[in-house]
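A.B. asks: Based on what follows, work out the 3D shape:
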Amino acid sequence: MDLARVAGVAVFVVGLAAYMQVNGLPRQGYQVVIILWLATVAWDVRRPVREHLAFLRDWWPPFAVLLLYLYSRGVSDNLGILSVSYSWPVDADRWLFGGTLPTEFLQAHLCGVPCRQSMPPRWYDVVLTTVYYSHFFAALAIGAVLWKRNRTAWVGYMRRYLAIMLLSVAGYILYPMAPPWMAARDGYLSSDVARITGRGWFDLTASARSTTASQATTAQQDLSSIGNQVAAMPSLHSALAIFIAWWVITHFRNPWRWSVLLYPASMLFSLVYYAEHYVVDEIAGGLLVLVVVTGAAWWDRRRRSGRPAAEAVRDAS
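C.D. replies: Next up is the predicted model:
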């Protein structure tokens with residue numbers, strides 16, 4: 001047993017727990033990058049300092065893009081290019097499902113009428129809230145593992161990940177759209193619909209055993225991302241969950257790899273049920289991933305086909 005590694009990991013876990021106790025759950029990409037760097041340091045604490053600093057050297061471009069995403073996402077609804085869309089996504093979802101709005105249907109059958117954050121959570125709320133929160137670290141955690149094990153694969157993975165992030169910001173700027181919970185709040189949907197994203201974790205702490213409306217609001221604020229509240233089209237939660245599944249399926253050969261499809265399936269279900277997104281947002285997120293992975297594959301093929309010709313020119317000279 002490597003006692004140095006055990007000690008390093010123990011210090012990291014204690015430090016992370018103390019951080020979350022003071023600051024709450026990390027919800028921003030740049031925070032997660034810093035945490036992942038400290039995790040790599042703790043895991044290989046015996047390695048030279050220059051190797052630990054290599055993480056910062058390699059990850060500063062993704063770190064910068066994540067900061068750009070955070071702040072550009074927050075101001076995109078203030079640019080005044082287009083007004084916030086309320087009705088179109090409601091009409092689109094109802095058209096897709098024969099007049100039924102999926103969010104209203106799911107909340108009526110799984111939460112109640114009216115659905116409220118303060119209502120006692122069910123077991124599936126715990127599962128779905130956990131899936132929802134995984135969005136904030138899952139894709140970056142996979143990137144950190146790839147960075148440790150296969151730098152070439154890491155470069156390809158991060159290029160696609162960052163392209164999805166940047167293109168999603170373009171979508172928020174070009175088409176600001178109110179999510180279902182906001183449409184219900186502003187009178188475009190029934191007031192029976194509510195944002196219940198953090199409901200599943202209310203009873204996991206001693207202070208939340210007696211569920212109240214104020215506790216529900218606090219838990220919701222802790223789980224919801226900050227920034228632009230109309231940054232809903234496309235759904236980045238959906239896009240990254242689908243991207244993770246695509247990566248696993250295309251880079252592994254074990255038959256069990258197909259079980260990863262449960263991840264985007266549960267993520268998409270939770271987003272509609274929790275009134276965070278419409279189905280059309282999720283479709284747009286899936287199309288975004290398709291555009292990115294198809295474009296990246298075309299670019300990689302183009303580079304590979306052009307490399308032999310360039311080498312032949314150098315040899316001839």
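
A.B. asks: Helices of the protein, residue ranges please.
C.D. replies: 3-23, 29-43, 49-75, 87-96, 102-110, 123-134, 138-149, 151-174, 180-185, 213-223, 236-251, 262-273, 279-316 (DSSP state H).

A.B. asks: what about the shortest one, distance to the chain center?
C.D. replies: What it means is helix 180-185. Chain-centre distance of helix 180-185: 21 Å, with CA atoms, centre = their mean, to the nearest Å.

A.B. asks: I'd like to know which elements that helix is packed against.
C.D. replies: helix 87-96 (3 or more CB pairs under 8 Å, 6 or more residues apart in numbering; DSSP states H and E). Backbone N, C-alpha and C define where each C-beta goes, glycine included.

A.B. asks: And the helix it packs on, what's buried?
C.D. replies: P89, V90, D93 (16 or more other CB atoms under 10 Å).

A.B. asks: re earlier: make JSON lines out of the helices of the chain and add mean pLDDT.
C.D. replies: Formatted as JSON lines, these follow (pLDDT from 0 to 100):
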{"stretch": "helix 3-23", "mean pLDDT": "88"}
{"stretch": "helix 29-43", "mean pLDDT": "89"}
{"stretch": "helix 49-75", "mean pLDDT": "82"}
{"stretch": "helix 87-96", "mean pLDDT": "94"}
{"stretch": "helix 102-110", "mean pLDDT": "93"}
{"stretch": "helix 123-134", "mean pLDDT": "91"}
{"stretch": "helix 138-149", "mean pLDDT": "93"}
{"stretch": "helix 151-174", "mean pLDDT": "90"}
{"stretch": "helix 180-185", "mean pLDDT": "91"}
{"stretch": "helix 213-223", "mean pLDDT": "45"}
{"stretch": "helix 236-251", "mean pLDDT": "95"}
{"stretch": "helix 262-273", "mean pLDDT": "95"}
{"stretch": "helix 279-316", "mean pLDDT": "81"}
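
A.B. asks: Out of those helices, which is closest to S191?
C.D. replies: Closest to S191 of those is helix 180-185 (CB to CB; 6.0 Å).

A.B. asks: Give the buried residues for the closest one.
C.D. replies: In helix 180-185, counting by 16+ other CB under 10 Å, buried: P180, W181, M182, A183, A184, R185.

A.B. asks: Tabulate these (TSV), appending distance to L53.
C.D. replies: Output for these, formatted as TSV (distance: CB to CB, whole Å):
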residue	distance to L53
P180	45
W181	43
M182	43
A183	48
A184	49
R185	47
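
A.B. asks: Out of those residues, which is nearest to R195?
C.D. replies: Distances from R195 to the buried residues of helix 180-185, taken by CB to CB, are shortest for W181, at 3.5 Å.

A.B. asks: Excluding covalently adjacent residues, which one is nearest to that closest one?
C.D. replies: R195 (3.5 Å; CB to CB, 6 or more residues apart in numbering).

A.B. asks: Check the gap between that neighbour and L96 for me.
C.D. replies: According to CB to CB, to the nearest Å, R195 stands 22 Å off from L96.

A.B. asks: can you check W247 too?
C.D. replies: 28 Å.

A.B. asks: For the closest residue to A239 other than its chain neighbours, give me its contacts.
C.D. replies: Spatial nearest neighbour of A239, excluding adjacent residues (CB to CB, 6+ apart): G285 at 3.7 Å. By CB atoms under 8 Å, 6 or more residues apart in numbering, the contact set of G285 is S168, P234, S235, L236, H237, S238, A239, I242.
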